[in-house]
Structure formats: C-alpha cells, structure tokens
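# Got a sequence here, can you build the structure:
(chains A and B)
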Amino acid sequence: MPITVFHRRRLLVALLMVGLPATALADADDYIAAVRADLEEFSSGKFTLPESNSWNAKASGENDGTASLADFEDFVKTKFRGTYILFVRLPEWQKNQIWQEYLETGDLGGIRTNIYAARQGKSRTQKRDSITNLPFDF
Amino acid sequence: MKLFTTLLSAGLLVGAAQVSATVSRDLPLPQGTPSADEIARQVYFANHFYAFKNFSIRQRGRTVAVLINSDSDGSASRTAVERHLNNNYENDVIKSRDLAIFRSGKLRGTGMLVTDYTDDAQSQSYMIWLPALRKIRRFAQPEHDEAWGGSVFTFGDVTLREPEHETHELLGVKKMRTCLGVIESLEDQPYRYVDRLPKRSCRHLDKDVYGLKSTTKFEDWWYDYRISYVDTENFADYRTVYFKDGEMIKIIDRDWGLVSESNIDDPRALFWKSWYGIDLTTGRESWAVIPQTVVAYNTDKRNGFWSERTLRRIKR
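Predicted coordinates:
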C-alpha cells in the first residue's frame, strides 16, 4: 500500500508527539542527573557529579554568600554594587547581623533593606517599610 | 469538575488547612534524635503552617503569587492567586480555615473557602464562590491522586496526605548536595505578577538533611515509595523523589524561608518561597513562586474574615 501524504502527516505527528516529552526531559537532564547522584549518596555514602553539572553551585565555585562573612561581602559586591558602598562602611557587628539574617531567611531583597535600615539607624521593625521594590532573586 | 480541580490547585501556595489526627498545633519539637514517624509528623506540621496563628499570601500592588504549568512542548500557563490560612480556632468544631482568591485568568474573582473540622470523621467542607453566577457552591473532598488542574502535583502531595497514610523509614543523615529545581527556560526571567522569576536556590547546599523513605499504604497506588530530604533543624522538606517499580517517576522541590523578626520561637516557623515539580514520565513541569513581599503572618484579621461573607464580597 503506497504511503499517502495523509499517512506521512500522521507519521510525522506521531513522531513529534513521541519526541516532545523527550525534548522537555532533555532540558532537565542535568538536574535529574544531579538529583540521582544526590540520592545515591544515601546508599553509597559518596556524592559524585560531573564538573559540568551546574546544579551543584558550590562545587563549581560559585559564591552564594553563605560560607563566611568575607564571602558574603563579595556576594553583596556582586549583587548590589551601589548598596555595597554603604555595606562596607557598617561596623563589623552590623555586617554580621545582616549576614546572619540572610543565612536564616535567604531573602536577597532583605539584604539591601537591612543595609539601608542599618545606615539610617532604624529599628528592626521599622526597616520593613524602608524599601518596597525588593528584588526577588531566589 | 475541572473548575473545581483548578480551584483546589491553589492549595500549594499557602498549604493545606487539613489536619491530621496525629498532628496538632501543639506538637512539640522532638527531644534528641527523632524517629522516622516523628520526622514525618514534624514535616506535616511545617507544611501546614501550624507555627502561625494565621498566614497569608496576599496581593501587594501588582505582586502576587503565581503558579506556572509548563507542558512538554514548552507551552506554559499561569494563575495568580491570593491565599489566607487561619489556624486560630479555639473551639471544638473548626480546626482551621483556608481562603483562596484567584486574581488572574478565567477564574479571576473566584474564591474558595476550605473548612477543616476538629472531628476527623467529619469530611472537609469546600465552598466556592462563582462570580459569573454570583452563587456559592459546595463540593466534596477530592481524591489523593487527583492531579491539580494542569499541574504535576496531586492533592495528596499538596494537602491531603497524612503521616499515617505511609510507613516511614529513616535512611540516615547527609548533606544537601544539589540546588533546588526551576523551569530552566524561565529561570531569572522577567515575569508578570512576580516582577522577575527566581534563580535556582542553592542556599540549602551543605545543610544536614534526613533521608526519609515513606512507603504508601494504599494498594495499586501511583507511587510505591518516596524519599524526602528533611532539614534536621527545622524539618523543612526541600525535596521529595517518587519511585514506582524501582524507577524515579517524579521530583518535587520546595524552597523554604525562615521567618525572622518575630516573636515566634519555633524553628518550624517557615514559609514557602517556591515549589517546583517535574513528572519524569511526561516531561511536564510546574512551578509556584511566592514573592516574599506578599507573605504576612499572625496578622490581626478576625476569624470572621474566613466566612461566606468574604467570598460574596470578592470583586471580579
């Protein structure tokens, strides 16, 4: 039986439909591989992930500001160049306080709010209203 | 039914009002190393916001929480939703109430009020305000394995599953090694309602997590067991991986924030920042994003706010 245009179209549609989930999963391949490697650590006690995998940021050396206060200072410098100028002028205890709060809440927008509040000498309850257009990077 | 399913899908964005017989608001933190069952109860506590009197994800200006569903062909749909949960009932009848208001799409102006009762034998009450009809309709509780309208999450994942529905086994403690998932094509992109979608969260890397294996007690269920990564200090469950016939079939990641600047002396006073899920059998993804600026807790709202009257007053 000859393959008609109609049959070819049906075949094409079928192939596309089979291919679609594979395409979506391909986008998430690195993520799935990372999750798999993470899970295997429960049984093997070892975590091994290819260096090219971007789902283990710390392994690839990316600074997220959580390792130390110095790292946090670099992190602020990268994320908020303008606010960093105010941050470096703060006393050590205030820098530490802002860092600790970031570690607890993970609120990137809160870093800037807290730095402004600290510079203006506002209390912890007042500072919430000091900036309203908070970025939301997480 | 589709409308109802979609409405209930908003349960993700604040958490469930449903209450287990084994977990209540006065559940204490475990002393020493907790057992697997204790961890499961603590996770339930955190996910139901029992550390708070009330908890809201409100609309603030143009900012509001959004749920994105992405199909395997890359097409995506979104729903903006406002949620208010109230755990502050001291009577013997009502345990909690949960109000959802839809702020976008075809469901704009629709509201849903879920009431959970102290008596576990009494099923939950679902009331939905339909703005086109200007009437309230009541529905029965959905099935655990029912998918939320268009998302990869089930009602069990979001609200209905209770600790006693599974047997729990502690796999051990290890470090969290990988960042939490996002829809990669949308990561860090400008997006309506949230200004900009977040980047993947790697804040939790190197935190100590329990590995909790939970095997379902339901027969012929859609998964055999699931493994959850649970923070050893605050019981936030960052990741859950589902298995069927030995194969990984679904992953759900949750990013949590800890409430500070409060008088809540409880490490379990947490809030969701995002949920991400991927169905490995279909390639479909879902992502709920909750900007921190719209989160409010322990507000002065009276219990009367969680009522039919509020439903009827929703503006379309």
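
# where along the stretch 151-300 of chain B do the strands fall?
In the stretch 151-300 of chain B, the strands defined using DSSP state E, counting those that start in this stretch lie at B:166-175, B:190-191, B:195-196, B:208-216, B:225-231, B:237-244, B:247-258, B:270-279, B:285-289, B:295-297.

# Most tightly packed of the ones you listed?
Neighbour counts (mean count of other CB atoms under 10 Å in any protein chain shown) averaged over each of the strands of the stretch 151-300 of chain B peak at strand B:285-289, with a mean of 26. (Glycine included, C-beta is placed from N, CA and C.)

# Quick one: work out the angle between that one and strand B:247-258.
For strand B:285-289 against strand B:247-258, the angle by axes from the mean of the first three to the mean of the last three CA atoms, to 10 degrees is 10 degrees.

# and strand B:285-289, how far from the chain's centre?
Taking the mean C-alpha point of strand B:285-289 and that of its whole chain, the gap between them comes to 12 Å (CA atoms, centre = their mean, to the nearest Å).

# Which secondary structure element of chain A has the lowest mean pLDDT?
Among the helical and strand segments of chain A, the one scoring lowest on mean pLDDT, DSSP states H and E is helix A:5-27, with a mean of 48.

# So what touches the next helix or strand along the chain from it?
Next along the chain after helix A:5-27, taking DSSP states H and E as the criterion, comes helix A:29-44. By CB atoms under 8 Å, 6 or more residues apart in numbering or on different chains, the residues outside helix A:29-44 that reach it are A:25, A:46-50, A:52-56, B:171-172, B:174, B:176-179, B:181, B:184, B:211, B:227, B:239, B:241, B:248, B:251, B:278, B:280.

# how about helix A:29-44: buried residues?
Applying a neighbour-count criterion of 16 or more other CB atoms under 10 Å in any protein chain shown, the buried positions in helix A:29-44 are A:Asp30, A:Tyr31, A:Ile32, A:Ala34, A:Val35, A:Ala37, A:Asp38, A:Leu39, A:Glu41, A:Phe42.

# residues contacting the spatially closest residue to B:Gly156 that is not a sequence neighbour?
The shortest distance from B:Gly156 to any residue that is not its chain neighbour, by CB to CB, 6 or more residues apart in numbering or on different chains, is 3.6 Å, and that residue is B:His144. By CB under 8 Å, 6+ apart, B:His144 lies in contact with B:Thr154, B:Phe155, B:Gly156, B:Leu160, B:Arg161, B:His165, B:Phe218.

# The first one against B:Ala147, yeah?
Yes - contact criterion CB atoms under 8 Å: B:Thr154 and B:Ala147 qualify, at 5.7 Å.

# The two: which has the busier surroundings?
Taking B:Thr154 and B:Ala147 together and counting by other CB atoms under 10 Å in any protein chain shown, B:Thr154 has the greater number of neighbours (23 against 19).

# Quick check: the residue of chain B nearest chain A.
With CB to the nearest CB as the measure, the residue in chain B that lies nearest chain A is B:Gly283; the distance is 3.2 Å.

# Kindly provide the distance from that residue to B:Thr215.
As for B:Gly283, its distance to B:Thr215 is 26 Å (criterion: CB to CB, to the nearest Å).

# Tell me which residue of chain B is positioned farthest from its centroid.
When distances to the mean C-alpha position of chain B are computed (CA atoms, centre = their mean), the maximum falls on B:Leu133, with 28.8 Å.

# same for the one helix or strand B:Gln42 maps to, what does it pack against?
Using DSSP H and E, B:Gln42 sits within helix B:36-47. Judged by 3 or more CB pairs under 8 Å, 6 or more residues apart in numbering or on different chains; DSSP states H and E, the packing partners of helix B:36-47 are strand B:166-175, strand B:208-216, strand B:225-231, strand B:237-244.

# Show me what the shortest one is packed up against.
So that's strand B:225-231. Under the contact criterion of 3+ CB pairs under 8 Å, 6+ apart, the helices and strands touching strand B:225-231 comprise helix B:36-47, strand B:208-216, strand B:237-244.

# so which of those comes closest to B:Phe139?
For the helices and strands packed on strand B:225-231, proximity to B:Phe139 was assessed by CB to CB; helix B:36-47 is nearest, at 22.7 Å.

# quick check: angle from the closest one to strand B:237-244?
Taking the same axes, to 10 degrees, helix B:36-47 and strand B:237-244 form an angle of 120 degrees between their directions.

# Quick check: next helix or strand after helix B:36-47?
Once helix B:36-47 ends, the next helix or strand along the chain (criterion: DSSP H and E) is strand B:54-57.

# What pairs with that following strand, parallel or antiparallel?
Next to strand B:54-57 in the sheet, as set by DSSP bridges, lie strand B:76-86 (antiparallel), strand B:295-297 (antiparallel).

# rewinding a little: the contacts of B:His144: which two are farthest apart?
Taking every pair in the contacts of B:His144 and measuring CB to CB, the maximum separation is 13.2 Å, between B:Phe155 and B:Phe218.

# in the stretch 101-250 of chain B, which segments are predicted with low confidence?
By pLDDT under 70, the weakly predicted segments of the stretch 101-250 of chain B are B:148-150.

# what does it have sitting close to chain A?
The interface of the stretch 101-250 of chain B toward chain A, taken as CB under 8 Å from any CB of the partner chain, is made up of B:171-172, B:174-179, B:181, B:184-185, B:188, B:194-196, B:198-203, B:205-206, B:211, B:227, B:239, B:241, B:248.

# So B:Val209 sits against B:Glu233, correct?
No - the pair B:Val209 / B:Glu233 is not scored as a contact, 9.9 Å apart, by CB under 8 Å.

# can I get the strands of the stretch 151-300 of chain B in TSV with distance to A:Thr113?
Output for these, formatted as TSV (distance: least, CB to CB, whole Å):
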stretch	distance to A:Thr113
strand B:166-175	30
strand B:190-191	21
strand B:195-196	16
strand B:208-216	29
strand B:225-231	25
strand B:237-244	25
strand B:247-258	14
strand B:270-279	16
strand B:285-289	20
strand B:295-297	14
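
# looking at the ones you listed, which is closest to B:Leu85?
strand B:295-297 (9.4 Å).

# And the next helix or strand after the closest one, how far out from the chain middle?
Scanning forward in sequence from strand B:295-297, with DSSP H and E defining helices and strands, the next element found is helix B:308-312. On the basis of CA atoms, centre = their mean, the separation between the geometric centre of helix B:308-312 and that of its chain is 23 Å.

# got it, and stretch B:83-99?
Relative to its chain's centre, stretch B:83-99 lies at 16 Å (CA atoms, centre = their mean).
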